[in-house]
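Undergrad: structure for the following, please:
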Amino acid sequence: MANWIAMASSIAAAIGLLFTGYQVWLLNRQARHDRRVVLDGVAVSWRPVEAPSRKEREDGTSKWVYEVVLANPGRLPIDDVRIRWRFPCKVVRLRHDGITDPPTDTLTLLAPVVIGGGERTWRRHVLIDYTQKKHLIETYAEVTFNDVDGHERTNRWPRAERARLDGASTLPPTQ
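TA: Got it, this is the predicted structure:
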C-alpha cells in the first residue's frame, strides 16, 4: 500500500512540475512578446500645423510648419535616436534665423535620450513646391535607436507603402 501512495505522490509531483514549467514558459513567452511590441511601438508621427492653400513665393514654394513627435511607449529609455524623415520631393528647411538649408528629400532629427513612456517633439518649417502637395502622402520616417541592451533597431512609419491618391502604385514595377 505504501508503494502505491509513493507512486501516486510521485506522479502528482511530476504533473505539478510539468504544469509549473509550462506556466514559466508561458510567462517568458509573454515577456518576450511584450518587449518586442514595446520596441516595435517606438513611433514617429507628423502633422502639418500650418498648411498653405496656395503657392506663396515666386519660385512656386510655400511654407509648411510641421510638428514631428517621437513616442517611446516602453518603460525603459532609448538613446541615440535618429529620425530620417523622407519626402517624395525636394524640401528646403527654413531655420528660425531665416537661413535656408540646401534642397533635400531627407530631414534628420536627433535626440540623445527619450525616457520610457516619453515623447520628443520637434517643430520644423519647410519650403515645399506647392505643385507637389498631393504627393506628400508618400512621406515616411525611419527611426533608429538603441535599446537598453545596446542593440540598434529601426522602425519605419508608416510601416507599409501606401497607395498614392492618384491610384498609381508606389511600388516599383515587377519584371
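
Undergrad: now do the domain split for the chain, please.
TA: The chain resolves into domains spanning 1-40, 43-157 when parsed by automatic domain parsing.

Undergrad: pLDDT on the shortest one, on average?
TA: Going back to what we said before, that points to domain 1-40. The average pLDDT within domain 1-40 is 79.

Undergrad: over to the longest one?
TA: For domain 43-157, the per-residue pLDDT values average out at 95.

Undergrad: next, the distance between the ends of it.
TA: Terminal residues of domain 43-157 lie 7 Å apart, using Cα to Cα, to the nearest Å.

Undergrad: off-centre distance for it?
TA: Offset of domain 43-157 from its chain centre (Cα atoms, centre = their mean, to the nearest Å): 12 Å.

Undergrad: for the first one, same thing?
TA: In terms of Cα atoms, centre = their mean, the gap separating the centre of domain 1-40 from the centre of its chain is 36 Å.

Undergrad: beta partners of the most centrally placed residue in the chain?
TA: Relative to the mean C-alpha position of the chain, the nearest C-alpha, by Cα atoms, centre = their mean, is the one of residue 43, at 2.8 Å. Counting by DSSP bridges, residue 43 is bridged to residue 71.

Undergrad: distance of residue 51 from residue 4?
TA: Shown here: residue 51 relative to residue 4, a distance of 81 Å by Cβ to Cβ, to the nearest Å. In this view, the C-beta of every residue, glycine as well, is placed from N, C-alpha and C.

Undergrad: and these two? which has more neighbours close in?
TA: Using other Cβ atoms under 10 Å as the criterion, residue 51 and residue 4 rank with residue 51 on top: 14 against 8.
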